[in-house]
Every structure is written in C-alpha cells, then in structure tokens.
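**Q** sequence and computational prediction follow.
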Amino acid sequence: MGLFSSVLGAVLLLMIGGLLVADHALTGASQQQARIDATQSAHVIEQIVARQVEGLNTFSGLMLSAAPAPDSAFAILAHGFARGRGGLREVWIVDTLGHARWRMATSADSVRRNITYTQPHARSANVMVGAQDGYREVLVVRPLTVRERVVGTAGARFEAAGLFAPVLSDSSHTRSLLLVAGRDTLLAAGAELTGRRSPSYEVPVAVPGDPWMLAVTHVEASEGLRITLWVLGLVAVAFLGAGVLRERRQALRVSERSAELERLSSELLRANRTKSEFLANVSHELRTPLNAIVGFVDLLRDGVYGDLSPRQAPPVERIAASATHLRHLVDQVLDIAKMAAGRLEVHSETIVLRPFVLNVASELEPLISERGLNLSIAVGASLPRVRTDPTHLRQILVNLIGNAVKYTPTGGIAVRARLVGTSEGVLARRPGGDDPTLLNRSPDRRRIWIALQVIDTGIGIATTDLERIFDEFEQVNAGPRGDSMERGTGLGLAISRRLARLLGGELSVESQPGKGSTFTIWIPVSAADLEPNDTHTSAAAPASA
C-alpha cells in the first residue's frame with residue numbers, strides 16, 4: 001500500500017509538471033506568433049515608405065532642362081504617382097530656391113491650405129510626421145538630382161491611415177498596433193483588447209529621418225485551449241489526489257491493522273506456548289499418580305493383597321482398563337505438548353523391520369482376536385535395514401493398528417512392507433512385484449523408501465475428510481460421547497503424522513467409504529543400508545492370526 005501511494009504521488013507530480021510544461025508551450029507559441037507578426041508588420045511599413053521615396057524619383061525628368069516643363073507633363077507624372085498609393089493628399093516639386101514649380105492636391109482641403117515648403121536643399125530623403133485637421137500625416141521628401149547635382153526637391157503628403165492600410169487590414173479584436181515616430185504617435189489601430197494578452201513586442205522601423213518604433217500586442221490565441229487543458233488537468237489531478245489520499249489512509253489503516261495482528265499473533269503464540277507448557281507440566285504430574293494406580297491394580301490382580309472374590313474381579317479389571325486408557329491419553333497429550341515445544345527427542349537405531357513388526361503385532365493380537373478379526377503380515381525378510389527411532393515407529397504402528405481394529409467391524413487387517421524408489425537408476429523392487437501407483441505416491445521419487453502399510457476392511461473415510469483426520473482433536477465417525485474409551489481423543493493420527501515427519505518420512509492415507517482404508521508409513525532408506533541383493537527381493541510368507 002505504501003509503495004502504491006508513492007507511485008500515485010509520483011504520477012500526480014508528473015501530471016502537474018505536464019500541465020505546467022503544456023501551458024508554457026502554448027504561451028510560448030502565442031508570444032512567438034506576436035513576435036513574428038511585429039517583425040513582418042515592420043517590414044511591410046519599411047517597404048511602403050521605401051516605395052514612396054523611390055516613386056518621387058520619377059519627377060527628376062521634369063528638371064532636366066532649364067526651361068520649365070509643361071504642366072501637363074507634371075500632371076501625367078503626378079497622376080501616375082498617385083495611382084495605387086492610398087492616402088495621398090498632395091504632391092509637389094520645388095526648386096533649389098524653395099519656389100514651387102508644380103503642385104497637385106488630391107483633396108479639397110489641400111487646395112485651400114497655404115503650405116510652406118521646406119528643405120529646398122535636402123541632400124537625402126526624409127520622412128516626417130505631423131497632424132492636420134484631425135488626421136495624422138506622413139510627409140515624404142526626396143531631393144531630385146540631375147548628373148549628381150541637386151536641382152530641386154519632390155515631396156508628397158499622405159494620410160497615415162490610408163498609406164499604411166495594408167498593415168491595418170490585419171488588425172482585429174485579437175491584435176493591436178501602435179506606430180510611434182520619435183515622440184509622436186503616428187498610428188494606433190486595433191480594438192480594445194480584452195482577455196489575457198501576451199506581452200507587447202516593439203520592433204524598430206528603418207525609415208529616413210527620426211527613428212520609428214512599432215509595438216504589436218496579441219490576445220493569446222490559445223487561451224481557450226489553455227483554459228480547457230487546465231480544467232481537465234485539474235479535475236484529473238483532483239481525482240488522482242483524492243485517490244492518493246484514499247490509498248494513504250487505507251495504507252495507514254492496513255499498517256495499524258498489521259500492527260494489531262502482529263500484537264495479537266504474539267499474544268497467541270505466547271498463549272499457545274503457555275498452553276503447551278501447561279499441558280506438558282500437567283501431563284507429567286498426572287502420569288506419576290497414574291503409574292501408582294496402575295501398579296497397585298496390577299498387585300491386586302496378582303493377588304499380592306489376597307485373592308479377589310468373583311464379585312471383586314470385574315471392578316478391578318474395569319479399574320485397570322480405565323487407568324491404562326487414562327495413562328495412554330496422558331501420554332498422547334504429553335507427546336503433543338513436547339512436539340509443539342520442539343522438545344521431543346529422536347534416538348535413531350538400526351532395526352530389521354520384519355521382527356520389529358511381528359513383535360508389535362503380537363502385542364496387539366489379543367485385541368484383534370477379541371474383535372473376531374484376521375491379521376496378516378507381509379514383511380519381506382530381505383528388506384534392507386532402516387535407521388530410525390524404534391520407540392516412535394512403534395507408537396505410529398500401534399496407533400494405526402489400534403484405529404484399524406476400532407473401525408473394522410468385520411473382515412481383517414493386513415500389515416505389509418514394500419521397497420519403493422530408485423537406486424543408481426535401477427527400480428528397487430518390493431515384495432510382490434512392481435507397483436507404479438505406490439511409487440507415484442512416494443514423498444520424493446528421487447529417494448528410496450520402505451512403504452509400511454496398515455490395511456483394513458473397515459468403514460472407510462470420505463474423500464473430504466482425508467486431511468481433516470490428521471488435525472488435532474478431529475474425529476470422523478467417532479463413537480458415542482458417553483463411551484470415552486471407544487471414542488478416543490482425536491490425537492492418535494495427528495501424533496502419528498508428526499512423528500513420521502520427525503523421523504524424516506511421511507504418513508499418508510487412501511480410503512473409500514465402505515471399502516476400508518490404507519495408511520502408509522513412508523520410512524526413508526539410506527543407500528548405504530542397501531545390499532546388492534536388496535533390489536531382488538522375494539515375497540515373504542504371510543503370517544496370520
């Protein structure tokens with residue numbers, strides 16, 4: 001959760017950074033557009049002024065001879081000069097003495113005006129600005145030369161708005177233009193700008209005379225796009241931020257829950273350890289008086305304190321059976337407590353399996369005969385020796401045979417052992433032939449095992465209960481609660497599987513309801529205990545009881 005919150009936080013920062021970069025890019029694009037527009041407009045103004053200056057040079061031919069040219073010639077040139085020049089109000093020519101030689105006015109107000117012509121000896125072109133009748137005017141003056149000799153001056157007067165109409169035609173509600181000549185404002189065009197404006201860009205305009213400056217201001221064309229981008233981006237950031245906060249709160253809750261679970265787990269472990277120690281101590285303390293009870297009952301049965309009467313013998317036998325059963329339960333609880341505490345010790349010895357199994361079966365033979373069951377044993381004499389703890393193996397085998405007797409009403413019980421596994425690539429044969437199914441069920445097919453099986457023809461176990469029977473205090477098809485000696489505690493199989501694993505093996509079961517069960521103790525075999533003739537075993541003659 002903490003890592004996920006960190007990732008969301010990083011994504012949130014990246015989104016904010018992306019919004020800022022996109023906004024900067026859009027703003028930069030608008031500013032670049034205004035800069036380009038200002039440069040282009042200044043270039044157009046320079047071209048317009050240069051065209052007027054060059055156009056006045058057409059009047060030089062009128063000054064070639066000493067005799068004055070006819071007025072008609074000037075009129076033709078003047079009309080040609082005026083064609084295509086917007087805003088022209090007057091054009092004239094003066095000689096070097098300042099006397100007007102020709103003049104043509106294109107508007108009535110210019111005819112009525114008494115104009116004083118200046119700069120009769122101008123050596124270079126000049127552009128001046130002024131105001132007349134509420135109009136801003138541009139005065140263009142150029143010397144007329146013949147054979148590099150100044151013979152007069154030509155001039156033209158323009159209305160600024162008409163002269164620079166090509167530039168003003170591009171002005172709109174998104175653009176304003178300001179043309180300043182020296183300290184005078186020559187031209188101001190464009191509507192009052194509303195909305196966010198990009199900075200004004202001032203560009204110098206190269207014209208003869210005083211310097212001009214052009215300032216262009218744009219409304220950002222991408223303002224709508226920027227607003228949309230910011231709205232959508234901020235909404236996404238808000239949702240993502242809410243997600244980050246939610247995940248953070250959830251991470252804090254999970255952290256608190258984890259801390260609480262750790263605390264509870266520690267308390268449970270401590271309580272479980274205390275329980276195990278309590279069970280171990282109580283079981284140990286109970287076993288001492290139980291041993292005394294069993295001992296004195298045996299003395300009574302043996303007649304040490306006098307012969308028992310026929311009326312006393314059955315209660316004494318009942319006491320002996322109950323005490324033995326109680327001591328067995330106490331031993332089981334003590335074993336569980338030792339296993340939980342990790343204090344159960346293993347003392348390995350090398351044993352021969354066949355006499356070991358026959359010895360255990362002989363002890364349980366009276367119990368089997370009492371239930372009217374048959375017992376068969378098929379343990380090959382040529383099976384390899386095994387190194388294990390005989391006490392624990394004996395306890396497992398007694399528990400399995402005892403359970404088989406308990407849950408087998410009729411029929412019989414069989415104990416058989418087979419060698420399963422591989423040794424140097426050769427299949428280790430078990431008595432009775434190969435059994436691929438048994439080989440597939442081994443805990444580790446790379447090792448050699450002895451499968452010691454207890455098979456009964458009892459009531460069987462349902463498939464859903466095959467694992468549950470190995471849990472502590474779990475029983476399937478248990479006897480009545482009032483009959484505790486018949487019912488048991490549900491610890492036998494749990495202890496048996498733990499002991500089998502403690503010995504390096506495993507305890508497994510296969511069963512079908514109504515057809516009996518097969519419990520298999522997997523005992524590991526060391527390769528050093530295998531003799532050359534161990535892989536060629538023959539079936540042992542079964543013993544029956």
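**A** Thanks, I have the structure now.
**Q** okay, CA-based contacts and neighbour counts for the rest of this
**A** Noted.
**Q** is the closest residue to A125 other than its chain neighbours in a helix, a strand, or coil?
**A** Sequence neighbours aside, R142 is the residue nearest to A125 in space, at 4.3 Å (criterion: Cα to Cα, 6 or more residues apart in numbering). Three-state call for R142 (DSSP: H, G, I helix; E, B strand; the rest coil): strand.
**Q** neighbours of R142, how many?
**A** Using other Cα atoms under 10 Å, the number of residues around R142 comes to 26.
**Q** tell me which residues form a beta bridge with it?
**A** A154 (DSSP bridges).
**Q** pLDDT score assigned to it?
**A** pLDDT recorded at R142 is 88.
**Q** cool, E260 as well?
**A** pLDDT at E260 comes out at 91.
**Q** from L252, how far off is it?
**A** 12 Å (Cα to Cα, to the nearest Å).
**Q** how about L344?
**A** 43 Å.
**Q** do L300 as well
**A** 70 Å.
**Q** so which of the two has more stuff around it?
**A** Neighbours per residue, other Cα under 10 Å: of L300 and L252, the larger number sits with L300, 18 against 14.
**Q** who's in contact with L367?
**A** V405 (Cα atoms under 8 Å, 6 or more residues apart in numbering).
**Q** what helix or strand is it located in?
**A** Here L367 sits within helix 353-370, counting by DSSP states H and E.
**Q** tell me the mean pLDDT for that helix?
**A** For helix 353-370, the per-residue pLDDT averages 90.
**Q** buried set for that helix?
**A** The neighbour-count check on helix 353-370 (16 or more other Cα atoms under 10 Å) flags L353, R354, V357, A361, I368 as buried.
**Q** gap between the nearest residue to the last one once chain neighbours are set aside and L466?
**A** Closest residue in space to I368, ignoring its immediate chain neighbours: V405 at 6.4 Å, by Cα to Cα, 6+ apart. If you measure V405 against L466 using Cα to Cα, the figure is 18 Å.
**Q** who has more neighbours, the two?
**A** V405 (24 against 16).
**Q** which other helices and strands does the helix or strand harbouring that one contact?
**A** Per DSSP H and E: V405 is located in helix 390-406. Applying 3 or more Cα pairs under 8 Å, 6 or more residues apart in numbering; DSSP states H and E, we find helix 390-406 packed against helix 353-370, strand 412-420, strand 449-456, helix 492-502.
**Q** and the average pLDDT for the shortest one is what?
**A** What it means is strand 449-456. Computed over strand 449-456, the average pLDDT equals 93.
**Q** what helices and strands are in contact with that strand?
**A** With contacts defined as 3+ Cα pairs under 8 Å, 6+ apart, strand 449-456 has these neighbours: helix 390-406, strand 412-420, strand 516-524.
**Q** that one vs strand 516-524, what angle?
**A** Between strand 449-456 and strand 516-524, the angle comes out at 160 degrees (axes from the mean of the first three to the mean of the last three Cα atoms, to 10 degrees).
**Q** quick check: can you name the pairing partners of strand 449-456 and their directions?
**A** Its sheet considered, strand 449-456 pairs with strand 412-420 (antiparallel), strand 516-524 (antiparallel) by DSSP bridges.
**Q** export the ones you listed to a markdown table and tack on mean neighbour count and mean pLDDT?
**A** What follows is the strands paired with strand 449-456, written out as a markdown table (neighbours: other Cα atoms under 10 Å; pLDDT from 0 to 100):
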| stretch | mean neighbour count | mean pLDDT |
| --- | --- | --- |
| strand 412-420 | 25 | 91 |
| strand 516-524 | 23 | 93 |
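**Q** ok, which of those strands comes nearest I459?
**A** Nearest of the strands paired with strand 449-456 to I459, taken as Cα to Cα: strand 516-524 at 5.5 Å.
**Q** outside of the closest one, which residues touch it?
**A** So strand 516-524 is contacted by 386, 400, 408, 442-443, 447-461, 500, 503-511 (Cα under 8 Å, 6+ apart).
**Q** check those for burial and list the buried ones.
**A** Buried members of the contacts of strand 516-524, scored by 16+ other Cα under 10 Å, are 386, 400, 408, 442-443, 448-461, 500, 503, 505-509, 511.
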